[in-house]
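Visitor: I would like to see how this sequence folds:
(2 chains)
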Amino acid sequence: MSNNPAEEKESKNFLEEIIDKDLQEGRHTSILTRFPPEPNGYLHIGHAKSIHVNFGLAEKYKGETNLRFDDTNPVTESVEYVESIKNDVKWLGFEWKDELYTSDYFEQLYQFALKLIRDGLAYVDDSSSEEIAALKGTPTSPGTNSPYRNRTPEENEALFNKMRSGEFPDGHCILRAKIDMASPNMLMRDPVIYRIKHVKHHHTGDKWCIYPTYDFAHGQSDAIENITHSICTLEFMPHRELYNWFIEKLEIFPSKQYEFARLNLSYTVMSKRKLLQLVDDGHVNGWDDPRMPTISGLRRRGYTPAAIREFCKRIGVAKRENVIDVSLLEFCAREDLNKHALRRMVVLNPLKLVITNWDADKVELLESENNPENPEDGERKMPFGRELWIEKDDFMENAPKKFFRLSVGRNVRLKSAFIITCDDVVKNEAGEVVEVHCTYHPDSRSGQDTSGIKAKGTLHWVSVSHAVPVEVHQYDRLFKVNNPADEEGDFKDYINPDSLHVITNAYAEPELKTDAETFSSPRHYQFMRKGYYYPDQTSTPEKLVYNQTVGLRDTWAKMNK
RNA sequence: UGCCCGGUCGUCUAAUGGCAGGACAGCGGGUUUUGGUCCCGUAUGUGGGGGUUCGAAUCCUCCCCGGGCAACCA
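Guide: This next block holds a predicted model:
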């Protein structure tokens, strides 16, 4: 607890201020929000922000949140997406009040349309979409009234009923709201509210052949559910006027729409359309490719719900456009994983090390902590022998002074084992070092070191005769530029060709295989001195495959840039 | 060039007429059997002009810059 009052002053985002005011002034006694995805794609980290805003606000104010599938366009939607969305929201750790579908309100929405028609506020227009577009005007010039604008309510009702009963083919006519063709807001120029689509709907089947548009469905659905705060992204701002118009004319619950800036993340893209292209064109291996900013991709890569939620909390909510540095996401992953990941030793780029004063057939089991951040995780035993694998990077000929690792004549500590001194190397015909020869100091045993020898560096290692071969997938950013959507030309031109690096000949300590055989569900790991890793969904005890979630901070690599 | 929205460290985000603060990134140092973690320190910001005021990031005004708006998408 802080005893400094200044530190306890909590700062609120603009939505919290609105809710505070609404509660204070008695406009509402509790709040109800909704998360309204269209089931036409997988959820991404941008949706996580929206989920966090909607569910988070409700949690904070002891309200609730509905999960509502905004399924007014059956052409692009499917149950597959419905299921993946439910799964992702649950995985992130949020619980919705009701699982709802805009399509559940189709009959009610139809009645709303009828009311508008009878009140002279909607009409059936037989114009083609080209004609409608032509009469719409432009942002700088007013539109022109449709020749069908003055049909009588009776005529309109009869035609609308025929639309519903399937007497017209797709595109034959539409229902429009009758507002103002000269409005400076293009959306108020008699917007289309119902269109004919003879398409089977994933939730309502063949019941309907006319479907409401977003504008005619969203606000009314909010009103039907008594949503107090309908929170959406900035691009819907111009829709607010229309949203309010329908609620006013239909005299229904006055839900209010508020807009915040969507999340953009550096070095990736965040639109479903672009993500779909990456999948369809084979630039990635599906929606859950670990390089994708989708929830399923992040999950497969080893990000945790806690890390993603913390990220959403840290980025805040405001109305200015933003591009969040992906390093913040990575920070949140490391922060969470550091506390929970089991430490294991895995050599990614092996170089053989021989301890010349260790008997060839002698093996000792050395204990090493599973997680120094959490002693309750205990220890495991690692076999130590005469021949070990170490990282190629951990040896250098003619090493500079700042190099704290192995070089002829220098000492290092082998983590949880002994201090060794490098005596000699073996080279191949090309002059490359293929073997490093060292002597170990018996009195430097980990935990009971009486040698007095100083070692500046500590290396991870794996016993050659006990090593388990594993496959490791290393990832880099998917794009070469900070904001691909901002660049000239096709965003796909900026894809990083080296975003995936598959290592097939890495060696792991045997405990990792034991884990795979024992644990009922995958665990998060830190491969010591390398990074955080998570078993890929294709991994089996016979063929172990790990995805790099995020690397450890590496100040040595930074120094060498 | 019509209407709407926005502009605070490199990137986000606070400060709601009263000392421009925090986080990530950066830089420097300490601890360390992970060049990790942890700890300490440090540089960097109110788009510009004018006005109101004892006092302006905050209010007014003009300008500049960025974004959105002409799907039977959401």
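
Visitor: Show me what from the stretch 401-550 of chain A comes close to RNA strand B.
Guide: A:402-405, A:413, A:415-416, A:444-447, A:449, A:457-458, A:460, A:526, A:528-529 (CB under 7 Å from any atom of the strand). Any C-beta I mention is one placed from the backbone N, CA and C, and that applies to glycine too.

Visitor: Just the buried ones from those?
Guide: For those, a neighbour count by 16 or more other CB atoms under 10 Å gives the buried set as A:403-405, A:413, A:415-416, A:444-445, A:458, A:460, A:526, A:528-529.

Visitor: which ones among the residues you listed are found in strands?
Guide: A:413, A:458, A:526 (DSSP state E).

Visitor: And the spatially closest residue to residue A:527 that is not a sequence neighbour, how far from residue A:506?
Guide: Using CB to CB, 6 or more residues apart in numbering and skipping residues adjacent in sequence, the residue nearest residue A:527 is residue A:346, 4.2 Å away. Noted for residue A:346: a distance of 6 Å to residue A:506, by CB to CB, to the nearest Å.

Visitor: likewise residue A:109?
Guide: Applying CB to CB, the value for residue A:109 to residue A:506 is 57 Å.

Visitor: before we move on, back to that, reformat the buried ones among the residues of the stretch 401-550 of chain A next to RNA strand B into CSV and put pLDDT next to each item.
Guide: Output for these, formatted as CSV (pLDDT from 0 to 100):
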residue, pLDDT
A:403, 94
A:404, 95
A:405, 96
A:413, 97
A:415, 98
A:416, 98
A:444, 97
A:445, 96
A:458, 97
A:460, 98
A:526, 98
A:528, 98
A:529, 98
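
Visitor: Do you know the pLDDT at the residue nearest to residue A:527?
Guide: According to the prediction, residue A:346 has pLDDT 98.

Visitor: doesn't residue A:507 make contact with it?
Guide: Yes. With contact defined as CB atoms under 8 Å, residue A:346 counts as touching residue A:507 (7.0 Å).

Visitor: the more surrounded of those two?
Guide: Taking neighbours as other CB atoms under 10 Å, residue A:346 and residue A:507 compare with residue A:346 leading, 28 against 22.

Visitor: How is chain A divided into domains?
Guide: Chain A breaks down into these domains under automatic domain parsing: A:15-262, A:272-342+A:470-559, A:346-460.

Visitor: which residues do residue A:346 and residue A:507 both contact?
Guide: Listed as contacting both residue A:346 and residue A:507 by CB atoms under 8 Å, 6 or more residues apart in numbering are A:462, A:470.

Visitor: Contact residues of the stretch 51-200 of chain A facing RNA strand B?
Guide: Applying CB under 7 Å from any atom of the strand, one finds that the stretch 51-200 of chain A approaches RNA strand B through A:70, A:72-73, A:76, A:127-129, A:132-133, A:136, A:138-140, A:170-171, A:173-174, A:184-187, A:192, A:195-196.

Visitor: One more: the stretch 201-350 of chain A?
Guide: By CB under 7 Å from any atom of the strand, the residues of the stretch 201-350 of chain A that approach RNA strand B are A:211, A:213-215, A:218, A:234-239, A:261, A:314-325, A:327-328, A:330-331, A:334-335, A:338, A:343.

Visitor: Doesn't residue A:16 belong to a helix?
Guide: Yes. Counting by DSSP: H, G, I helix; E, B strand; the rest coil, residue A:16 is found in a helix.

Visitor: what's around it, how many residues?
Guide: Residue A:16 is flanked by 16 other residues according to other CB under 10 Å.

Visitor: That one and residue A:58 touch, don't they?
Guide: No. The pair residue A:16 and residue A:58 does not pass the contact test of CB under 8 Å, sitting 11.9 Å apart.

Visitor: pLDDT (mean, whole number) over the helix or strand hosting residue A:53?
Guide: Residue A:53 belongs to helix A:45-60 when assigned by DSSP states H and E. Averaging pLDDT along helix A:45-60 gives 97.

Visitor: And the residue of the stretch 351-500 of chain A that's closest to RNA strand B?
Guide: Proximity to RNA strand B, evaluated over the stretch 351-500 of chain A using CB to the nearest atom of the strand, is greatest for residue A:446 at 2.8 Å.

Visitor: so what's that residue up against?
Guide: Contacts for residue A:446 were tallied using CB under 8 Å, 6+ apart; they are A:366, A:413, A:415, A:416, A:417, A:418.

Visitor: partners of the second one in the sheet?
Guide: On DSSP bridges, the residues paired with residue A:413 through beta bridges are residue A:419, residue A:458.

Visitor: how about the spatially closest residue to residue A:198 that is not a sequence neighbour, phi and psi?
Guide: Among residues not flanking residue A:198 along the chain, residue A:209 sits closest, at 4.9 Å (CB to CB, 6+ apart). The phi/psi pair for residue A:209 (degrees, to the nearest 10) reads phi -120, psi 0.

Visitor: Let me know the pLDDT of residue A:209.
Guide: Looking at residue A:209, its pLDDT reads 98.

Visitor: How about residue A:29?
Guide: Per the predicted model, pLDDT is 96 at residue A:29.

Visitor: Residue A:9 too?
Guide: 61.

Visitor: How about residue A:560?
Guide: Listed pLDDT for residue A:560 reads 84.

Visitor: for residue A:3, same thing?
Guide: Residue A:3 carries a pLDDT value of 33.

Visitor: circling back: can I get the ones in strands among the buried ones among the residues of the stretch 401-550 of chain A next to RNA strand B in a markdown table with distance to residue A:489?
Guide: Shown next, in a markdown table, are these (distance: CB to CB, whole Å):
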| residue | distance to residue A:489 |
| --- | --- |
| A:413 | 52 |
| A:458 | 48 |
| A:526 | 40 |
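
Visitor: thinking again about what came up before, buried subset of the residues of the stretch 51-200 of chain A next to RNA strand B?
Guide: A:70, A:72, A:73, A:127, A:132, A:136, A:173, A:174, A:187, A:192, A:195, A:196.

Visitor: Check the gap between the nearest residue to the second one once chain neighbours are set aside and residue A:105 for me.
Guide: Take residue A:72 and drop its neighbours on the chain: the residue closest to it by CB to CB, 6+ apart is residue A:217, 4.9 Å away. With distances taken as CB to CB, residue A:217 is found 7 Å from residue A:105.

Visitor: neighbour-wise, which of those two wins?
Guide: Using other CB under 10 Å as the criterion, residue A:217 and residue A:105 rank with residue A:217 on top: 25 against 21.

Visitor: pLDDT averaged over the one helix or strand that one maps to - what is it?
Guide: Counting by DSSP H and E, the element that carries residue A:217 is helix A:214-224. With pLDDT averaged residue by residue, helix A:214-224 scores 98.

Visitor: that older thread, show me what the residue nearest to residue A:527 is bridged to.
Guide: Judged by DSSP bridges, the bridge partners of residue A:346 are residue A:508.

Visitor: Near the residue nearest to residue A:288 when sequence neighbours are not counted, how many other residues are there?
Guide: If you skip the residues right next to it in sequence, residue A:288 has residue A:296 as its closest partner in space, 3.8 Å away by CB to CB, 6+ apart. Residue A:296 has 20 neighbouring residues, counting by other CB under 10 Å.

Visitor: any idea of the pLDDT on residue A:296?
Guide: Reported pLDDT for residue A:296: 97.

Visitor: ok, now which ones touch it?
Guide: So residue A:296 contacts A:42, A:43, A:84, A:88, A:287, A:288 (CB under 8 Å, 6+ apart).
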